[in-house]
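Enquirer: Need coordinates for the following:
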Amino acid sequence: MPEASIDTSTIKHTFTTWSWGDFAGLGLVLHVVLMIVMTLRIVSVQRDIGVSIAWVAVLYTLPLFGFIAYILLGEPMIGRRYRERVDQASLLMNDMARREHLVFDQGQNLLPVNYRGVSQIGTRWTGLGVFPDHKMQLLTESNAIFQSLIEDINAAQRIILMEFYIVYPKGQVLEVIEALSAAAERGVECHVLADSVGSFSFFNSSAHRTLERAGVFVHQSLPVGLFKTLFKRSDLRNHRKMVIMDEHIGYIGSFNLVDPRFFKQNKNVGQWIDVAIRTTSRHSISITMAMAKVIATDIGAENNDNLHALNQRVNSYTRRLYVMDPTINDLNSRVKVLGDHADYHKQPDIGSTSIIIPRMPVVEGVLAQLIPSAPQVTAHVIYNTLVTVVHRANKRIRITTPYFVPDEALSGALAIAAKRGVEVTLIVPEKVDSFLVQHASQACYQELLEAGVTIALFKGGLLHAKTVVIDDDYCLFGTVNIDQRSFYLNMEVSLAIYTPAMVAQVADCQEVYLQNCRYLGLEEWCQRHGAERLFDNVVRLFSPLL
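Expert: Numbering: from 1, shown residues only. As a prediction, this is how the structure comes out:
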């Protein structure tokens, strides 16, 4: 006891003799050590120099904020358990495919020689190759997409799979929910996978409860929570948008399940303008089958119950997904083109400029490849594909994107393409719903304009379509924005199209967008106030984190 009391008093005496300067010195030492450790961590983990520099800048400018932000958001941690479930679900699906002799990673020999290397990038990381003989139609307006979607839901006989980033239960979305409920009640197996954050309002709505009461299986993708944040990044989101009907009919594009007349009308950017492709195929292996494989894997990876259900049903459920049922009606009787009652679709005037786009016909014999991407799963497959096709373009590059925040490599590739005589056109909204993204984009404009890139500012609303047309024979179409979040952080999906007739449809749609644009001139851009240019350049420093 005496010895213990001596030790305690000694400790008390030591601290009472410390001055505030001593505590400040200790705090400074700890601060320096922490900054060194975090800097080494950033440099060792981050592979992109721009991302490393941006995080180091945040860390040293705002130390406490930077430390907390990096711990929560700095590294693309999708979660160990989620990653394990993805691997197990993928293994189940791949084992089933092998048993049924379904080979997904072939088809490069169907391509021209100059595109086989590009295609191999996707196949290597995703296991999905090139699939021929699709019927595809480009849908360029929300009413047409809703009409087609509801018709196909009403005609579905066995299964419907939906995966969306945003489900916003207003307007025509309620008609889709009503059709889904009716389909489930008549015995169609219906699954809806929606992102937990993007579809927050849906999961707290009566529409969600209506679907579940009708027997629709509704799944939350990447649910968030305070405890979950300690083990995975909450801002890694499922940004995919796909729909499958009866294994034969599929939809893919930038179109969320939202009615643009009701969605984000308080942002003062006009209505969202989206596109989708409706695809059908008779083949046992097709784009639709690949989409079903991706959605089934995503659903199975969400929780242990889903994974167990996938495991229990892999022989029956997935067989129905991938093998044609000879007892169903002839496919041609159910796979319909949109009605011929209209020769064009007209964009509503509410909140946007009126845009008239001719109705696109169905294109047959389309050759395409599905390219899904996810952090820590498929590396940077879509980014690598995009940079590769930009460098190999010979005649033209035309990009439509709502958010344009490229890194130096991609920005430089576009500038070099313009300098070597390729017609490079960038179509972006005049106003977007993100203040920082707007200014980060603008920081790139002068370099591109000086190189000869045409920058067209769309005036008819928030142009949300994500399309890249290369020459006359290649197109990337899907959910990917030209920014670091889409390339490295979100779960995304793109469709690579190799058939000139289908590429031409996308190019024609882009041409209509250009007719509703204001072209940005280099002289006009250089006359901006110096403070504006400085602010854009400061925001650009943090663009890898946006």
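Enquirer: So which elements touch the helix or strand hosting Ala415?
Expert: Taking DSSP states H and E as the definition, Ala415 sits inside helix 408-419. If contacts are counted by 3 or more Cβ pairs under 8 Å, 6 or more residues apart in numbering; DSSP states H and E, helix 408-419 sits against helix 381-392, strand 423-429, helix 435-451. Glycine gets a C-beta too; all of them are placed from N, C-alpha and C.
Enquirer: Report the secondary structure state of Arg485.
Expert: Here Arg485 is recorded as helix under DSSP: H, G, I helix; E, B strand; the rest coil.
Enquirer: what's around it, how many residues?
Expert: Look at Arg485: counted by other Cβ atoms under 10 Å, it has 20 neighbours.
Enquirer: Could I get the full set of helices for the stretch 251-400 of the chain?
Expert: Assigned by DSSP state H, counting those that start in this stretch, the stretch 251-400 of the chain shows helices spanning 287-300, 304-313, 317-322, 331-334, 381-392.
Enquirer: any chance of the helices and strands packed on helix 408-419 in TSV, with mean neighbour count, mean pLDDT and distance to Ser373 too?
Expert: Below are the helices and strands packed on helix 408-419 laid out as TSV (neighbours: other Cβ atoms under 10 Å; pLDDT from 0 to 100; distance: least, Cβ to Cβ, whole Å):
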stretch	mean neighbour count	mean pLDDT	distance to Ser373
helix 381-392	20	94	5
strand 423-429	22	96	22
helix 435-451	19	87	20
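Enquirer: quick one: which of those is nearest Ala207?
Expert: Shortest distance between Ala207 and those, using Cβ to Cβ, is found for strand 423-429: 28.6 Å.
Enquirer: Can you tell me the strand partners of that closest one and which way each runs?
Expert: Sheet pairing of strand 423-429 (DSSP bridges) gives strand 396-400 (parallel), strand 454-458 (parallel).
Enquirer: Distance from the chain centre to it, please.
Expert: With Cα atoms, centre = their mean, to the nearest Å as the basis, strand 423-429 stands 20 Å off its chain's centre.
Enquirer: quick one on the thing from earlier: check the strands paired with strand 423-429 for me and report the most buried one.
Expert: strand 396-400 (a mean of 23; mean count of other Cβ atoms under 10 Å).
Enquirer: which strands and helices sit next to the helix or strand that comes right after that strand?
Expert: Toward the C-terminus, strand 396-400 is succeeded by strand 404-405 as the next helix or strand (DSSP H and E). Secondary-structure packing of strand 404-405 (3+ Cβ pairs under 8 Å, 6+ apart): helix 435-451, strand 482-483.
Enquirer: quick one: Ile427 from Gly452, how far?
Expert: Per Cβ to Cβ, to the nearest Å, Ile427 is found 16 Å from Gly452.
Enquirer: where does the stretch 51-200 of the chain have low pLDDT?
Expert: For the stretch 51-200 of the chain, the stretches with pLDDT under 70 are 71-80, 82-83, 86, 92-102.
Enquirer: how about the helices in it?
Expert: For the stretch 51-200 of the chain, the helices defined by DSSP H, counting those that start in this stretch cover 63-73, 80-99, 113-126, 142-155, 173-185, 200-203.
Enquirer: Quick one, which of those helices gets closest to Thr39.
Expert: Between Thr39 and these, the tightest spacing by Cβ to Cβ is seen for helix 63-73, at 10.3 Å.
Enquirer: hey, C-alpha coordinates of the closest one in CSV?
Expert: The C-alpha atoms that make up helix 63-73 are tabulated as CSV, following Å, rounded to 0.1, in the frame of the first residue of the first chain:
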residue,chain,number,x,y,z
PRO,A,63,-6.0,18.3,-40.4
LEU,A,64,-8.9,17.1,-38.2
PHE,A,65,-11.5,17.2,-41.0
GLY,A,66,-9.0,15.6,-43.4
PHE,A,67,-8.1,12.8,-41.0
ILE,A,68,-11.8,11.9,-40.3
ALA,A,69,-12.7,12.2,-44.0
TYR,A,70,-9.9,9.9,-45.1
ILE,A,71,-10.8,7.3,-42.5
LEU,A,72,-14.4,7.3,-43.6
LEU,A,73,-14.1,8.0,-47.4
